[in-house]
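Undergrad: Next input, structure requested:
(2 chains)
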Amino acid sequence: MLPIRAGVGFKPQHADAALAAAGAVGWLEVHPENYMVDGGPRHAVLSRMRERFPLSLHAVATSLGGAEPPDGDHLKALRALADRYQPAQVSEHLAWSAHDGVYLADLLPMPRARAVLDRLVENIDQVQTALGRRILIENPSNYLELPDADLAEPDFLVEAAQRAGCGLLLDVNNIHVSAHNLGFAAAEYLDAVPGDLVEEIHLAGHAVDDAVSPPLLIDDHSSAVPDPVWALYRDALGKYGPKPTLIEWDTDVPEWLVLRAEADAADTILRHAVEQAA
Amino acid sequence: MSDGFSYADFAAALLAPEPDARPAWLSDDQVARFAVYRNNLHHGLGQALGEAYPVVRRLVGDDFFKATARLFIAAVPPRQRSLALYGDGFADFLDGFEPAQAVPYLADVARLERAWLESLHAADAAPLAPETLADLDEALATTRFEAHPAARLIHSEHPVVSIWQANQDDATGGEIEDRPEAALICRARDTVTVRALSAADGAFAAALLDCASAAEAACDGADVVGVFQVLLTDGAFTALHPEH
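TA: Numbers count the residues shown, from 1 in each chain, chains lettered A, B, ... in the order given. This is a model prediction of the structure:
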């Protein structure tokens, strides 16, 4: 279990600053795929960080929402990393990222049809079996509505989690981005998710692409968490109670102190939610 | 399920180098939305390729590199579910890529950069201590060595190491003599090292790394003592096995 604290997406350039102020952030998250190498400095740095911080492995490449079962070799590599680093949490996305042996290196939208849901549940089960642990699945950012959806996204997500016996990672920025892009109410999304399934929350910034009409919000993790996302985060904690919360900042990565200030802001909101829950 | 959506069509339209590629079911008003996913893929993979081949990118310029990356991505999409080592085969691709022929050493620079990346991410191992050799004496000629997992050797008809060094951020400049060079790439601990060898020294070092004894590896013009010295200094071996 992750602590009820704010964590940050770990960047190697922050290693020394983070170690010098261990405790300033509650935990770290990495994409395990970046560590699927035999040796070298990446493992050396992550091992140092793991001695001082709880770690979350946030996977992007198991392609849970794909047309095919998860790749066996990839699951073995993921298991090896989990065995080595003993993460407090492992999560993946409600998306697909590979097809016919090709890794597409993005979180792609899946049709929310009943038949796809059955396969998704089966795929989550295979990942959990291979890892010997429960995982969390995360709502993606959406840009495109696919044809023939049988279920709204939160209902699809919740049913998948309940049937597969996994938890949910709610990305509040993704809800905000998708609500804008596809035209639904973010508050209704939060209402449709039972709080006991939610075990982690993600926060990030996004960009506005106004070269297209109407403008699209792009989930690029390149800036500070904006006010509407903080507001939605407060609403989410109001409904679900305090949950471990991650600040994601992956592009134009700032100095450690800027990232830490974002985590401090989340920690302040979290402390308030803990007091409310008591 | 849906009569329109197909994973295969979606994936093919993402990978296609043509900027207007799209799945058949996509309506006209959704083109800009689909483009977000296409941009993500080409930007992400292009960036991974650019980080793996920074000197190639610098030599050809960003625009040429980006256009080349789009074609490479379509021809050799990732098959590993990690981008840490994406880009294997880029040197061979450049060999057959007509617009790159104006830079005859480009593919060999790519080979060096690929070896550098493989060395960085290779398994860690303690290098053989240089003083170990002093105890061997006459047995040296028939001793076999185990290559370090991070050791690589590249041969080139071009001054590939000099070109690579001249394009590092801390390069000091100076004339580059047009001659064949071999590159010895090692990582004894955290840092990858790149060293230029003559063609003869490179052939000798390659044979030693490939498990030949010094007696078997000997080749004309090679500086036997000098090559052993650099291989041990750079940490190219992990163990030795004297012949009995």
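
Undergrad: C-alpha only now, for contacts and for neighbours.
TA: Fine.

Undergrad: longest helix of chain A?
TA: Assignment by DSSP state H gives helix A:256-277 as the longest helix of chain A.

Undergrad: can you tell me how far residue A:102 sits from residue B:100?
TA: Remark: distance between residue A:102 and residue B:100 (Cα to Cα, to the nearest Å) = 26 Å.

Undergrad: Residues of the stretch 101-250 of chain A that sit close to chain B?
TA: The stretch 101-250 of chain A has residues A:101-106, A:108, A:111, A:113-116, A:143-144, A:146-148, A:212, A:216 near chain B, with proximity defined as Cα under 8 Å from any Cα of the partner chain.

Undergrad: For the closest residue to chain A within chain B, the count of nearby residues, please.
TA: Closest contact between chain B and chain A, by Cα to the nearest Cα, is at residue B:123 (4.2 Å). Residue B:123: 15 surrounding residues under other Cα atoms under 10 Å in any protein chain shown.

Undergrad: Over to residue B:93?
TA: Neighbourhood size, residue B:93 [other Cα under 10 Å]: 17.

Undergrad: Okay, and the residue nearest to it when sequence neighbours are not counted sits in which element?
TA: Of all residues not flanking residue B:93 in the chain, residue B:72 sits nearest, at 7.2 Å (Cα to Cα, 6 or more residues apart in numbering or on different chains). Element membership of residue B:72 [criterion: DSSP states H and E] is helix B:62-75.

Undergrad: and that helix, how far out from the chain's middle?
TA: Offset of helix B:62-75 from its chain centre (Cα atoms, centre = their mean, to the nearest Å): 17 Å.

Undergrad: again with stretch B:173-188
TA: Using Cα atoms, centre = their mean, the offset of stretch B:173-188 from its chain centre is 14 Å.

Undergrad: same check, this time on stretch B:233-244
TA: The mean C-alpha position of stretch B:233-244 is separated from the chain mean by 24 Å, Cα atoms, centre = their mean.

Undergrad: Can I get stretch B:218-226 in CSV, CA atoms only?
TA: Taking Å, rounded to 0.1, in the frame of the first residue of the first chain, the C-alpha atoms of stretch B:218-226 are listed here in CSV:
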residue,chain,number,x,y,z
ALA,B,218,47.7,-12.0,-34.0
CYS,B,219,47.4,-9.8,-37.1
ASP,B,220,49.9,-7.7,-39.1
GLY,B,221,50.5,-4.2,-37.8
ALA,B,222,48.7,-4.7,-34.5
ASP,B,223,50.3,-3.3,-31.4
VAL,B,224,49.8,-6.4,-29.1
VAL,B,225,50.9,-4.8,-25.8
GLY,B,226,49.1,-1.5,-26.5
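
Undergrad: just the strands in the stretch 101-250 of chain A please.
TA: A:102-108, A:136-138, A:167-171, A:198-204, A:207-209, A:216-218, A:245-248 (DSSP state E, counting those that start in this stretch).

Undergrad: picking up where we left off before, surely the residue of chain B closest to chain A and residue A:41 touch.
TA: No. With contact defined as Cα atoms under 8 Å, residue B:123 does not count as touching residue A:41 (10.4 Å).

Undergrad: how much space between the residue in the stretch 51-200 of chain A positioned nearest to chain B and residue B:209?
TA: Going by Cα to the nearest Cα, chain B is nearest to residue A:102 of the stretch 51-200 of chain A, at 4.9 Å. Using Cα to Cα, residue A:102 is found at 34 Å from residue B:209.

Undergrad: So which of those two has more stuff around it?
TA: Per other Cα under 10 Å, whichever of residue A:102 and residue B:209 has more neighbours is residue B:209, with 22 against 16.
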